[in-house]
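S.K.: Using only what follows, build the 3D model:
(one chain, ligands or ions: 1)
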Amino acid sequence: MGVSVVKELEKLTTTELSVWVEQAKIQAKDGRVIDRIPQLAKAYPGWFAVHICCESGKSISFGDTACIFPLMSVIKTFSLLYLLEHFGAETVFGWVGVEPSDAPFNSLEQLVSDRGYPRNSMINSGAITLADKLPGKDATQRTLLFCQWLNQLAGCQLWLDEVMLASVRLTRSTANEAIANYLTETGYLENLETALDTYEQICCISGRVEDLALLGKLLACENRYLSSQNRRIVNAVMSICGLYEASAEFAIRIGLPMKSGVGGGLIAIVPSEGAIACYSPGLDNIGNPLAGLVFVEALAQELQLSIFG
Ligand code: GLN
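M.R.: Residues are numbered from 1 along each chain as shown. Below you'll find the predicted structure:
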C-alpha cells in the first residue's frame, strides 16, 4: 500500500493538478482575505498555488507559484520543532500542552479556563509562550537565528517581510495583547514585550509556496539532522490541533497532519512520502484557507493519502 501511494504522489501530472485546482477555486469562491492586517488585506482571494515535494526530490507545482506570503500561524509548527530540537520534549511540554481546543485560535477564555497553561502550541497563547523561549537576545536576533536554521535545514529561502511586519505592528492584535498579559500574570511568560515582538516577527517570515513545501518535507521524510521522535511529535500535534477547532473534522475528511495560517498558507504532511503546500488567501470563518483545504481533500481522497488507512 505504502509503496503504491509513493508512486501515485510522484506520478501526479500538472494536468491532474490543474483540474483539482479549478474545482477547488469554484468551491472556495466565498473565501475571505483577512482584513485585520492591512498589508494582508491586499491579497486577491482568488489566488491559488500548490507545490508538492516528494521524498525522491521530485516536485510538482501549479498556479500562482510566484506569490510571496507571510507564514503567519504555519510558523507555529516549526517553532515547536525548533524548540523540541533545542530543549527536548520534557522542557517544551512544561511550557505548553498538546490538547486540542475547540475555541478560536486567539481565545483568551480558553487560556483563562486552563489557568494560563496554553493548551497547545498551534494556538496563539501557545505560540506566544514558545516565542518567549526562542534562543537569542532579542526578537530580531531570535527571528534571524530561527529563519537561518529553517533555510539551512530545508534548503528554502524564507526571509522576514519588514513591510508586513510594520503593518502587523501598526494594528497589533488586542486579543494577542490580552493573552500575553494573562500569560505574564500567571508566570508563563518571562518577557511580555520580547515574546509578542518575536511572535509578530516570526509570523511575518515569508516565502513562496515552494518554500513552504520544502519546510513540510522536513516533517514528512527522514532527515539526518532532525530527531524522528520530534518529527512524530510535531506531526501528531498538527493532526490534533493544526486547523484549530476544525482539526477533528479534517482528520476525518483528509487524515493528514496539517497546519494553516491566516496569510493563506497551508501544509499537509504525507509521512514518508512528501509534503503538499498550498497558498490560497481566501479564508473560511475559522481562519483556515478555504481553497487549499478543498484541494487537499480532493487529492487525499483520490490518492488515498489518509494516514488512517
Ligand atoms: N499573527 C496572526 C495572529 O496572531 C496569526 C494567526 C494565524 O495565522 N491564525 O492573529
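
S.K.: surely L84 meets N230?
M.R.: Yes: contact criterion CB atoms under 8 Å: L84 and N230 qualify, at 4.3 Å. For glycine as for every other residue, the C-beta is placed from the backbone atoms N, C-alpha and C.

S.K.: Which one's more surrounded, those two?
M.R.: Higher neighbour count among L84 and N230: L84, with 22 against 19, using other CB atoms under 10 Å.

S.K.: what about that one, which SS state?
M.R.: helix (DSSP: H, G, I helix; E, B strand; the rest coil).

S.K.: Tell me the spacing between it and L215.
M.R.: Taken as CB to CB, to the nearest Å, the spacing of L84 relative to L215 amounts to 15 Å.

S.K.: One more: L165?
M.R.: Counting by CB to CB, the separation of L165 from L215 is 19 Å.

S.K.: more neighbours, these two?
M.R.: Here L165 and L215 are compared on neighbour count by other CB under 10 Å; more neighbours surround L215, at 29 against 20.

S.K.: Please, which helix or strand holds that one?
M.R.: Assigned by DSSP states H and E, L215 belongs to helix 209-220.

S.K.: which is the next helix or strand following that helix?
M.R.: Past helix 209-220, further along toward the C-terminus, the next helix or strand under DSSP H and E is helix 228-241.

S.K.: Which strands and helices lie in contact with that following helix?
M.R.: In terms of contacts (3 or more CB pairs under 8 Å, 6 or more residues apart in numbering; DSSP states H and E), helix 228-241 is packed against helix 75-87, helix 89-95, helix 209-220, helix 247-253, strand 258-260.

S.K.: check contacts around G255.
M.R.: Residues touching G255, when contacts are defined by CB atoms under 8 Å, 6 or more residues apart in numbering, comprise A300, L305, S306, I307, F308.

S.K.: Can you select the buried ones among the residues you listed for me in PyMOL?
M.R.: PyMOL command restricting the contacts of G255 to the buried ones, with burial defined by 16 or more other CB atoms under 10 Å:
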select buried, resi 300+305+307
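
S.K.: three-state assignment of the residue in the stretch 151-300 of the chain positioned nearest to the ligand?
M.R.: In the stretch 151-300 of the chain, the residue found nearest to the ligand is V262; the distance is 3.6 Å by CB to the nearest ligand atom. Under three-state DSSP, the three-state class of V262 is coil.

S.K.: go on, the one 10 residues further on?
M.R.: When classified by three-state DSSP, S272 comes out as coil.

S.K.: Burial check on it, number of neighbours?
M.R.: Taking other CB under 10 Å as the criterion, the count of residues near S272 is 13.

S.K.: any low-confidence regions in this structure?
M.R.: Of all residues in the chain, those with pLDDT under 70 make up the ranges 1-7.

S.K.: residues from it in reach of the ligand?
M.R.: Remark: the part of the chain in contact with the ligand comprises M72, S73, F105, N106, N124, S173, N176, C203, G261, V262, G287, using CB under 6 Å from any ligand atom.
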